Structure formats: structure tokens, C-alpha cells
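Student: Quick one, fold the following:
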Amino acid sequence: MHVLGILGSHQPDGVTGKMLQAVLKGANETATTDWINLADYEIKPDHDNQPNPVLDKLEAKLLAADVWVLAAPVYLGSLSGVMKNFLDCFRSRIARYNAVGEAVPDRFKNKHYVTITDCYAGGIENYVTGVTDAAFKTMDKFLTMGGLIKLREIVITHTWGMQTLAPAKQAEGERVGRQAARKKERDDNTVKRYIELFFMIAVMALVTMGIEAGIGQLVPLHNFWAYYGVFVLVFYVLLASILHFFTVVKHRRR
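Tutor: Next up is the predicted model:
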């Protein structure tokens, strides 16, 4: 089992790097670990029939790892340029492309990953406004394009002037590292997701019936099709809202 840290920051000893090292420390209890500081490499995209020894070297490290831990801070509301440049330059290698230009997972399929980011915003502000969302979404899009499976994401807030990690964050990083080092051959959360979906639908149906009962006090719904139509409409709005929240908006922002 091999866990590889990938740091996309100008300061290797900053908060982002410290959290990455915390994760690798936890993983090192049961696995081998290594890390890459992307700022140490002159990363450029591939060009036809031209050698690219830097990307070749990075690719070899990525292929050898079972778990990737990507860590990059939020700059100006988005992913750091160091990490973004790596993702842009490596995108032609993360997957193979078919005849119509669609990305198809290939050599990196079913590896696992953890993402880390941080921002100056406080926990409440980040929770409400989603300062770190863009960074997570950019990394997720790149990694899932290659068929990698997400394990966790970690966010550190209120980092202005921060020199060391809080004990709770240090412990969280080490805990995530230990969990990441337990290799999974495939995504085994299918049963869990079906159970969550069952309870989600059950709760939405109950809430919908409650809302419809309230509507019935204002507008008679004695006709079957009227009752059915209102139920479907309310249920759809509620379910669509909660799915959007959990799949697009909500991250571990604190």
C-alpha cells in the first residue's frame, strides 16, 4: 500500500503542507508514503512527438501510488495556480480519449484520493458562501475523469496568520491518513448509498404529505388527480433541492 501526497502551494511549510504531512503521518503507520511539491517542477503540457520528462516522472509516481492526497490552498476564491497548472497539463494523461473526445478512465481507474484545501475565511462564512467549493470541484472533476474514487476531503478555515495546525485538525489529518491507508479494491459504499436514498425518500414523502395537508386546508384537493399532481410537484421540488445541496453545494467546509 502506497500513499502519495501532492502539494500545490508556493510554501511547502505552510498550513496546507502541514495538513498534508499530518495525513501522510497517519497513513505511514500501515503504509509507505511519499510526497511531491509541484512548485519544485517546471510543469508544461505535452506537445505532439516531443518528450516531456517532467510529466513522465510525475506519471510514474502517480501510477505507483494506491492513494493520492492532493493539497492546495484557495487563492482569490479558486484553486491555487500551482495545482491548477498541474491539473491542466496532466489532463491528457489522466484518462484516454475516444474518437469523439470523451474522457474514458484508464490506468488510474479505481485508485483512491483525498483532497485538502484551506482559506482565510472563517468556518461560518465558508459554510454559508462556499469559499472552498471551487477548489474542491476543480480537483474532483479532474480526478473522477480518471476514474479515481473519493475517500474524504479536508478543509482548514481562518488561516490568516496561522502558523501551526490546531490539535483537532492535526488529529483529523492523521485519522484521515490512517483510514486512507486501508486499501479498498472498489467503491464499497453502494449499499450505504441505497440505504441513505431510502431514508431520504421516506423523509421527503413524509414532509410532502405534511405540506399537502396544509395546502388542503386552503385549497380543496378532493379530486384524485389534483391530490396526485400537488404531491408529485411538492415531492419533486423537495427532492431536487436536497439532491442539489448534497451533490453540488455541500462540502466539509469547516
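
Student: isn't Arg107 right next to Leu63, touching?
Tutor: Yes - in terms of CB atoms under 8 Å, Arg107 counts as a neighbour of Leu63; the distance is 6.4 Å. The C-beta positions use only the backbone N, C-alpha and C, and glycine is treated the same way.

Student: Have a look at the two and say which one is more surrounded.
Tutor: Arg107 (14 against 11; other CB atoms under 10 Å).

Student: now the more buried one: how far from Glu59?
Tutor: Per CB to CB, to the nearest Å, Arg107 is found 9 Å from Glu59.

Student: Check Gly8 too.
Tutor: Applying CB to CB to Gly8 and Glu59 gives a distance of 16 Å.

Student: higher neighbour count, the two?
Tutor: Gly8 (27 against 16).

Student: so what pLDDT did the closest residue to the more buried one other than its chain neighbours get?
Tutor: Excluding the flanking residues, the one nearest Gly8 by CB to CB, 6 or more residues apart in numbering is Met83, at 2.6 Å. If you check Met83, the pLDDT there is 97.

Student: Spell out which helix or strand contains Met83, please.
Tutor: Met83 is part of helix 81-94, with elements assigned from DSSP states H and E.

Student: The very next helix or strand once past that helix: which residues count as buried?
Tutor: The helix or strand immediately downstream of helix 81-94 is strand 95-97, counting by DSSP H and E. The neighbour-count check on strand 95-97 (16 or more other CB atoms under 10 Å) flags Ala95 as buried.

Student: Please apply the same query to stretch 117-135.
Tutor: Thr117, Asp118, Cys119, Tyr120, Ala121, Asn126, Tyr127, Gly130, Val131, Thr132, Asp133, Ala135.

Student: can you list contacts of that stretch?
Tutor: Stretch 117-135 has contacts (CB atoms under 8 Å, 6 or more residues apart in numbering) with 15-16, 19, 71-74, 77-80, 136, 153-160, 249, 251, 253-254.

Student: Of the residues you listed, grab the buried ones for PyMOL.
Tutor: Provided next is the PyMOL selection string for whichever of the contacts of stretch 117-135 are buried by 16+ other CB under 10 Å:
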select buried, resi 15+16+19+71+72+73+74+79+80+136+153+154+155+156+157+158+159+251+253
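
Student: now, which of the contacts of stretch 117-135 lie within helices?
Tutor: Val15, Thr16, Met19, Phe136 (DSSP state H).

Student: show me the residues around the third one that make contact.
Tutor: Listed by CB under 8 Å, 6+ apart, the contact set of Met19 reads Ala71, Ile116, Asp118, Ile154, Ile156, Leu165, Lys169, Gly173.

Student: In the chain, where is pLDDT below threshold?
Tutor: Low-confidence segments of the chain (pLDDT under 70): 183-190, 245-254.

Student: domains of it?
Tutor: 2-180, 190-249 (automatic domain parsing).

Student: hmm, back to that, please identify which of the ones in helices among the contacts of stretch 117-135 is nearest to Leu148.
Tutor: Phe136 (14.0 Å; CB to CB).

Student: Identify each buried residue in the longest helix anywhere in the chain, please.
Tutor: Longest helix of the chain, by residue count under DSSP H: helix 190-218. Counting neighbours by 16+ other CB under 10 Å, one finds that the buried residues in helix 190-218 are Met204, Thr208, Ile211, Glu212.

Student: Ok, stretch 32-50 next?
Tutor: Across stretch 32-50, burial judged by 16+ other CB under 10 Å covers Thr33, Trp35, Ile36, Asn37, Leu38, Ala39, Tyr41, Ile43.

Student: And stretch 89-103, by the same measure?
Tutor: Neighbour-count burial for stretch 89-103, counted by 16+ other CB under 10 Å, picks out Cys89, Phe90, Arg91, Arg93, Ile94, Ala95, Ala103.
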